[in-house]
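Q: Give the three-dimensional model of this entry:
(one chain, ligands or ions: 3)
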Amino acid sequence: MHPPPLPPLSTGTGSGDPQRAAVEAEQDSPTWRQLSDFSATVGGKGFPSPASYANLRPRSVGDMATLAPSEKKIVEGEFGYVLEDVPHFTDYLPDLPTYSNPLQDNPAYSVVNQYFVNADDTVPEKVVAQKSSPRGIHFRRAGPRQRVYFESEDVYACIVTCGGLCPGLNTVIRELVCGLSYMYGVKKIVGIQGGYRGFYARNTMPLTPKIVNDIHKRGGTVLGTSRGGHDAMKIVDNIQDRGINQVYIIGGDGTQKGASLIFEEIRKRNLQVAVAGIPKTIDNDIMVIDKSFGFDTAVEEAQRAINAAHVEAESVENGIGVVKLMGRHSGFIAMYATLASRDVDCCLIPESPFYLEGKGGLFEYIEKRLKDNGHMVIVVAEGAGQELVAESIQPTGHEDASGNKLLLDIGLWLSQKIKGYFTSNQKMAINLKYIDPTYMIRAIPSIASDNVYCTLLAQSAVHGAMAGYTGFTTGLVNGRHTYIPFHRVTQKRNKVVITDRMWARLLSSTNQPSFLSAEYIEGIKTPREPPKKVYVENELASK
Ligand SMILES: Nc1ncnc2c1ncn2[C@@H]1O[C@H](COP(=O)(O)OP(=O)(O)O)[C@@H](O)[C@H]1O
Ligand SMILES: O=P(O)(O)OC[C@H]1O[C@](O)(COP(=O)(O)O)[C@@H](O)[C@@H]1O
Ligand SMILES: [Mg+2]
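A: Ligands and ions are numbered 1, 2, ... in the order given. Reported below is the predicted structural model:
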């Protein structure tokens, strides 16, 4: 049964949904739009259409060929249905041959009913709906298709890891290699060493299932990584020179921006080269996806540091344990580690501005907590309170090679400020221990649940590239694996929304002050300016 008809998208839905509003805004720019008929399944040769492209693409192939690479591929259906689709070879290479998927003959999969994903399957971005809600934005479901656009022996795949380390990088590499080899019979796979610049400045390393067999048990990346060094022209020249036709790029927001530029250059040159991104971010700051791989590992490992801080703090009089965790712009690790631990009395994240002195400030809270409980634990994300630190330490203004702003050390600064406050006011003798486990957390191998997640991400990427999709990031959306266009994961950053219930749960579990200005709470002025942003959502990721 269909939901009742809704007004067409362009006339607005009145849902007040910001993401929907964003799509409507995007429609002002040139987009690839067409009402789709999802019931047809006809391909050229009597097979179901690969990825339903017969249904979704504009009817004239000529139209497709003239699309600018950066144009978005948005398809509308009935009842407010919107598909934010990913590019496909047929967008710019209309007459490519297709082949039956070798998985059909794979004994491991022969028992599976309906192993192939239905060509029309898509996954909704939002699963909470009201009776009159439009069906909303969807992403193409990941998974194997019946027809593929490569013969196994013709595939030459490469894998590159970029940006900071994250638990699970080696697992993704391993599963890309094993997925390509065991599912699709691919023999030629190489690793690009040392991040993007490795394409043109380093040798490649051969990757086989045997070589990668044990690497998931190690932290880091066997390929090495780097920041900076992205040069789309040089990278694509190199891809072309080597005859590589599948490029798997593992990395965070910066890396996916770089992958998008590589895809656009490849498309301009009309190359049959698939570009697939696998999102990596220990900070969990990539939009759209449920969670990034390595995040659970990081939260788990953070418990060890928090436990140590707690043991130290509770063993002495007026003990304070301060733990710094990663999170440049997004405080997810700190928030989840705090919620999981129950030993934390205060969690400070970049999204929630705080202040030290006066009524409702951090010092007042610490004093109260020590008087009430004799000890306390503070977790601080590395990006928290940067504007406060900048008041006393001259910011260097420096950026890393990728253009990420270098942060001031909030953990050390905060520890000194707390010590200074209690010493100078002769209030009470405190005993503060500062623990910075950040790189230790990042450098460990992934835990079991992340390993399974990495496997599915890698296999989804392989299925997508083999099926002719390109210019996509693979990601989990509402528990389903999907293909997401690059622009959706690079235009904004995922952040903790401090007016969401999750942050309220945290505040209630720690009992810490909200640090919201008194103007909001009592109508009186606070010692500091009120926070600039109370509602922080999906801030534009500007570098
Ligand atoms: N806007 C961008 N355009 C192209 N390449 C980028 C961009 N931002 C970052 N990169 C490249 O992506 C790689 C990793 O980026 P970085 O920000 O260090 O890590 P992450 O991908 O984890 O966010 C680097 O090689 C960097 O040069
Ligand atoms: O010292 P490095 O290597 O620049 O890494 C530090 C940064 O890496 C991160 O872990 C994640 O960064 P990316 O996801 O951008 O790689 C941040 O939390 C942290 O600020
Ligand atoms: Mg990043």
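Q: So which residues on the protein come close to ligand 2?
A: Counting by C-beta under 6 Å from any ligand atom, the chain comes close to ligand 2 at 163-164, 252, 254, 281-283, 326-328, 382, 400, 404, 442. Bear in mind the C-beta positions are built from the backbone N, C-alpha and C, glycine included.
Q: contacting residues around the closest residue to ligand 1 within the stretch 301-450 of the chain?
A: Relative to ligand 1, the nearest point of the stretch 301-450 of the chain is residue 402 (3.1 Å; C-beta to the nearest ligand atom). Residues near residue 402 by C-beta atoms under 8 Å, 6 or more residues apart in numbering: 163, 227, 228, 230, 254.
Q: Can you add pLDDT and give the residues you listed back as JSON lines?
A: Listed next are those as JSON lines, based on pLDDT from 0 to 100:
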{"residue": "163", "pLDDT": "97"}
{"residue": "227", "pLDDT": "96"}
{"residue": "228", "pLDDT": "96"}
{"residue": "230", "pLDDT": "97"}
{"residue": "254", "pLDDT": "95"}
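Q: and which of the residues you listed is nearest to ligand 3?
A: Of all those, ligand 3 sits closest to residue 254, with 4.8 Å by C-beta to the ion.
Q: Quick check: the residue of the stretch 201-350 of the chain nearest ligand 3.
A: Closest residue of the stretch 201-350 of the chain to ligand 3, C-beta to the ion: residue 252 (3.7 Å).
Q: Let's see stretch 458-473 as PDB, backbone CA atoms only.
A: Taking Å, rounded to 0.1, in the frame of the first residue of the first chain, the C-alpha atoms of stretch 458-473 are listed here in PDB:
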ATOM      1  CA  ALA A 458      35.100  -3.500   1.900                       C
ATOM      2  CA  GLN A 459      32.900  -6.100   0.200                       C
ATOM      3  CA  SER A 460      30.300  -3.400  -0.500                       C
ATOM      4  CA  ALA A 461      32.900  -1.300  -2.200                       C
ATOM      5  CA  VAL A 462      34.100  -4.200  -4.300                       C
ATOM      6  CA  HIS A 463      30.500  -5.100  -5.400                       C
ATOM      7  CA  GLY A 464      29.900  -1.500  -6.300                       C
ATOM      8  CA  ALA A 465      33.000  -1.100  -8.400                       C
ATOM      9  CA  MET A 466      32.500  -4.400 -10.200                       C
ATOM     10  CA  ALA A 467      28.900  -3.300 -11.000                       C
ATOM     11  CA  GLY A 468      30.100  -0.200 -12.700                       C
ATOM     12  CA  TYR A 469      29.300   2.300 -10.000                       C
ATOM     13  CA  THR A 470      32.000   5.000  -9.400                       C
ATOM     14  CA  GLY A 471      32.400   8.300  -7.500                       C
ATOM     15  CA  PHE A 472      30.800   6.800  -4.400                       C
ATOM     16  CA  THR A 473      31.500   6.300  -0.700                       C
END
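Q: For that stretch, what is the distance to the chain centroid?
A: How far stretch 458-473 lies from its chain's middle: 17 Å, per C-alpha atoms, centre = their mean, to the nearest Å.
Q: Pull out the buried positions in stretch 312-319.
A: Within stretch 312-319, the residues scored as buried using 16 or more other C-beta atoms under 10 Å are 312, 313, 318, 319.
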